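Chemist: Structure, please.
(chains A and B)
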Amino acid sequence: MYNFEFEKPSTIADAVAALGGEDAQALGGGQTLIPTLKQRLAAPSALVSLGGIPEMQGVCVEDDGAVSVGGATSHAVVAREAAGAYPALAALAGQIGDPAVRNRGTIGGSVANNDPAACYPAAVLGSGGTIVTNARQIAADDFFEGMFTTTLDEGEIITSVRFPVPQAASYQKFLQPASRFALVGAYVARFADGVRVAITGASEDGVFRWSEAEAALGKEFRPDALMDLRINPMNMIGDLHGSKEYRAHLVSVMTKRAVEACM
Amino acid sequence: MPKDSGIGASSKRREDVRFLTGAGNYTDDINVHGQAYVHFLRSDIAHGRIKSIDTSAAETMPGVVKVFTGKDFEGVGGMPCGWEVTDRHGAPMQEPPHPILAQGKVRHVGDPIAAVVADSLEQARDAAEAIELDIEELPAVLDMKAAAQEGATLVHDDLKNNICYDWHLGEADNDKVNEVFANAAHVTTLDLVNNRLVANPMEPRVAVAEYSRGTDEYTLYTTSQNPHVIRLLMCAFVLGLPEHKVRVVAPDVGGGFGTKIFHYAEEAFCTFAAKACNRAVKWTSSRSEAFISDAHGRDHVSRIELALDADNNFIGLRTDTYANMGAYLSTFSSSVPTWLHGTLMAGNYKTPVIQVNVKAMFTNTVPVDAYRGAGRPEATYQLERVVDKAARELGVDPIALRRQNFITQFPYDTPVALTYDTGNYDGTMDKLEAAADLAGFAARRAQSEANGKLRGLGINCYIEACGIAPSNIVGMLGARAGLYDAATVRVNATGSISVMVGAHSHGQGHETAFPQVVADMIGIDESMVEIVHGDTSKIPFGMGTYGSRSLAVCGSAMVKATEKVIDKAKKIAAHLLEASEADIELKDGQFSVAGTDKSVAWGDVTLTAYVPHNFPLEVEPGLEETAFYDPANFTFPSGAYACEVEVDPETGQVSIEAFTAADDFGNIINPMIVDGQVHGGIGQGIGQALLENCAYDENGQLLSASYMDYAMPRADDVPFYSVDHSSQTPCTHNPLGVKGCGEAGAIGSPPAVINAVLDALNSGGKSIDHIDMPVSPSRVWAAMNG
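Modeler: Now for the predicted structure:
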């Protein structure tokens, strides 16, 4: 990797200030960024670690019942601490990568990176969550803008992510055999006023809501409701690990399994 | 009752103490005072003509010691190929130069163009980025069949085409073969691909070279399976150095799987640069670099045809293979699709007419060479897949069809140049049927179906040829090396023993198993025997470890040397006991006079050998003997494997539910180590069958260039194995009666897995003849919905 300065502020304000420097880069758990640096594919002037800010750590339940996860909280902590309040979210966090990844990687890093095969974006979008930054609150529906793209501004920090807790939810992931990211992952969340279905891994546009499935499940929340629904393969990812058609097929299978798991 | 020491005991692997506690000494652990670091600038395109390389800016960068390009090696030899294959017309293979650093053209992604030696690795990398390249990109040659066509772009401009050789083995008369097929009651034909693999040993390659100006001596520390072979090739063919001035050390090596047999450009470069820079030079491959610079494995495209008569006897076999050599000939690449592949096409069967045709192709890809099994897995996969397909087409039981065609008389001369000395294929199959509870399969299938899964059973037989030999025969076949091995047994005054062996242990457990043999022969404790390996300054000239040869070949040399030691010790004992040498017996570490209670202990005799006060005048002092052993033949391990899979019909996901191996390895020294070797081999075979896929795009870019896309088998991808080695027909021509077990699992398992997957899919009402490896979920789903 190229040389860089390293800073580890203890407040959000200091982090924002540090990120104001030219070519400064925020560092969450580094699970994507560090390999990128080692390959010399990025050359930030400074890395600003968000790991030393106490108010960005941990899981809590807010007054309205929503679960709030600090932006620098590791997957392992979410798997442990959200298990009671939001089991589907905790289960998702507990299936990301391997123990080393789960103890380094953070929710803020994952959501900000918006890898098209990452798990967390499906939970955030599927839950209708809110991304809280140092500057504003962004609804999940407005946040994800396509593969590796979000509405975050330069230097903007995800300080926490808020999840409304559904009546029932499940994330079903079909593993890409090499990376064990999601080849396709389906997050189904059933709320009193409707059903949300978010799909990761499948689309060239990154995580998306499968609105036809939401409508069908909203009418009748059972696996058979999805029977006649198909996703158009055209915008699906086709690569070494699966064709567009295969991914489109898996969207149906994984969504159905997620519904079954909610029953 | 299992033995607790000596031959046949599952002695715990003594080397694991250091491996598992972080006390190993790997090449990257070696740092020489004042060493510089090398970074190779590698081609990022598959094929191109080098117009210019400007290193002037790089040379002035901080910390840079020297920048090398192909020009610096114009007077230096290229990387040699160790086996000259003669084609079907009697002409030698086309053998293009393989320079240490690219000259004229780059021929694959990863081809080294320049090398920067600097005070630190980061400085070397910085300077490499400052090298200005002007390379004209050329069309990449990738598809082997297209590469063989007239007018195809040439990988090597000086060759007449991209065909390294067009080779055949077995029946040469096409008319005769055609007649067999024309008269057959049934012909089964199968097109298949043996997927390209990346070996991925846990330890990447490393080289550290130092040069002493005072003594004109070199030392190269390198991640090698055969340090003497590296020294010979590098000194005699590449750098032109006197061997006695060069020491090559391969310390602890973290897995090889074949890919560390070969002499690599980076080793020669570091040795050359150590003198040119008058400074030790170190190179450590990154994992990314390993993907594009370690020799790959497999990569065959084949059509196989099996002819059967009306009684389902195999009457003819014909195979046509395109074998990928990659851009250059790696050290033993040419032998893999020929003498390690064609010769195995008889398998376990008495097929009377066999014709093997192989075209070896140059392409703009990483060189391909031996990988665990090397040619034998490719042969076994073709044969066992076509036999399975024939059974399905004929509606006969795949085990019965195999049994009907088994070779039952030994020795057996195959139509493809081998003589099998022993085997008992029916007996081994009996063991498999019992161990795998094949009788219970129907019930297990019913249970899987009740759970919404398809269950399949795949059967596979294999024959392996290990310990490639003898030297005079392989010499006639084109080997440019002898294939013997050597051992020196040095008995110390106090009776402990150091055995210097030519074989190299990089996971095989030699340090445990070899002493079991010596200790057993003398009757002393295993802990009194130590193996020394991996250092040309310590060990006799041996050929190293590959092809499951170590115990059969080097172990035999060790036995011979130990016998010499015992013979001499008996002379000394006879003197001490005032008896005739012919009356001396050695048992449990005691020399005794037959029929008397007179005896002298091993330690007293060895002490006498070094303190020869009371000593026979006609005997030299000391107790140290060396033996070289050149086997009379290959050894022929064989086996029968059963794999049970479940397939999720919704997703195409395959899971391996059970895997049973019944192997005949002849006599076994350490059953636990043998089990481990089989486990590892099956794991790699399952990796090839289900997961591993080294794929290039149409421009010659490696698509699976990291673990993000190259799927290695993990613990949860494999089942608990059941292994049975009780079928034992000892090798007839080596002193231990051993055969070799290192590669068997990787040879026997891929067809078992694929046969099982197809059995599952066909049980679900689909008619699917074949799916190419790896049978990823997407491929299975596509086949089910095709």
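Chemist: Could you use CA atoms for every contact and neighbour count after this?
Modeler: OK.
Chemist: I'd like to know which residues of chain A are adjacent to chain B.
Modeler: A:1-2, A:177-179, A:240-243, A:246, A:250, A:253 (C-alpha under 8 Å from any C-alpha of the partner chain).
Chemist: Which pair in these has the greatest spatial separation?
Modeler: Maximum pairwise distance in those, criterion C-alpha to C-alpha, is 44.1 Å, between A:Tyr2 and A:Val253.
Chemist: the more surrounded of the two?
Modeler: More neighbours sit around A:Val253 than around the other of A:Tyr2 and A:Val253, counting by other C-alpha atoms under 10 Å in any protein chain shown; the figures are 21 against 16.
Chemist: so who does the more buried one touch?
Modeler: Taking C-alpha atoms under 8 Å, 6 or more residues apart in numbering or on different chains as the criterion, A:Val253 is in contact with B:650-651.
Chemist: Tell me how far stretch B:339-346 lies from the chain's centre.
Modeler: Averaged C-alpha coordinates place stretch B:339-346 at 15 Å from its chain's average position (C-alpha atoms, centre = their mean, to the nearest Å).
Chemist: then it to CSV, C-alphas only?
Modeler: Taking C-alpha atoms only, stretch B:339-346 is exported to CSV below (Å, rounded to 0.1, in the frame of the first residue of the first chain):
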residue,chain,number,x,y,z
TRP,B,339,3.4,-40.5,-20.1
LEU,B,340,1.4,-39.6,-16.9
HIS,B,341,-1.9,-39.6,-18.7
GLY,B,342,-2.0,-41.8,-21.8
THR,B,343,-0.4,-44.7,-19.9
LEU,B,344,-3.2,-44.7,-17.4
MET,B,345,-6.1,-45.0,-19.9
ALA,B,346,-6.4,-48.7,-19.4
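Chemist: Grab the nearest non-local neighbour of residue 191.
Modeler: Since no chain was named, I'll use chain A. Across the structure, with C-alpha to C-alpha, 6 or more residues apart in numbering or on different chains as the measure, the residue nearest A:Phe191 apart from its sequence neighbours is A:Pro166 (4.8 Å).
Chemist: wait, I meant chain B there
Modeler: The shortest distance from B:Asp191 to any residue that is not its chain neighbour, by C-alpha to C-alpha, 6+ apart, is 4.4 Å, and that residue is B:Arg303.
Chemist: Could you say which helix or strand holds that neighbour?
Modeler: When secondary structure is defined by DSSP states H and E, B:Arg303 falls within strand B:300-308.
Chemist: As JSON lines, the residues of chain A next to chain B with secondary structure would be great.
Modeler: As requested, those are arranged in JSON lines below (DSSP: H, G, I helix; E, B strand; the rest coil):
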{"residue": "A:Met1", "secondary structure": "coil"}
{"residue": "A:Tyr2", "secondary structure": "coil"}
{"residue": "A:Pro177", "secondary structure": "coil"}
{"residue": "A:Ala178", "secondary structure": "coil"}
{"residue": "A:Ser179", "secondary structure": "coil"}
{"residue": "A:Leu240", "secondary structure": "coil"}
{"residue": "A:His241", "secondary structure": "coil"}
{"residue": "A:Gly242", "secondary structure": "strand"}
{"residue": "A:Ser243", "secondary structure": "coil"}
{"residue": "A:Tyr246", "secondary structure": "helix"}
{"residue": "A:Leu250", "secondary structure": "helix"}
{"residue": "A:Val253", "secondary structure": "helix"}
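Chemist: Next, format these as a markdown table and append distance to B:Met79 and pLDDT.
Modeler: Formatted as a markdown table, the entries for the residues of chain A next to chain B read as follows, by distance: C-alpha to C-alpha, whole Å; pLDDT from 0 to 100:
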| residue | distance to B:Met79 | pLDDT |
| --- | --- | --- |
| A:Met1 | 32 | 88 |
| A:Tyr2 | 34 | 92 |
| A:Pro177 | 36 | 96 |
| A:Ala178 | 33 | 97 |
| A:Ser179 | 35 | 95 |
| A:Leu240 | 33 | 95 |
| A:His241 | 36 | 97 |
| A:Gly242 | 39 | 96 |
| A:Ser243 | 40 | 97 |
| A:Tyr246 | 44 | 98 |
| A:Leu250 | 48 | 98 |
| A:Val253 | 52 | 98 |
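Chemist: circling back to that earlier point, what's downstream of the strand holding B:Arg303, the next helix or strand?
Modeler: strand B:314-326.
Chemist: Tell me the strands beside that next one, with direction?
Modeler: strand B:300-308 (antiparallel), strand B:354-362 (parallel) (DSSP bridges).
Chemist: could you dump the first one to CSV, C-alpha only?
Modeler: Presented in CSV, the C-alpha positions along strand B:300-308 are these (Å, rounded to 0.1, in the frame of the first residue of the first chain):
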residue,chain,number,x,y,z
HIS,B,300,-7.7,-30.8,-20.7
VAL,B,301,-10.5,-30.8,-23.3
SER,B,302,-11.2,-34.4,-24.3
ARG,B,303,-13.5,-36.6,-26.3
ILE,B,304,-13.5,-40.3,-25.2
GLU,B,305,-15.2,-43.2,-26.9
LEU,B,306,-15.8,-46.6,-25.4
ALA,B,307,-16.7,-49.6,-27.5
LEU,B,308,-18.5,-52.6,-26.0
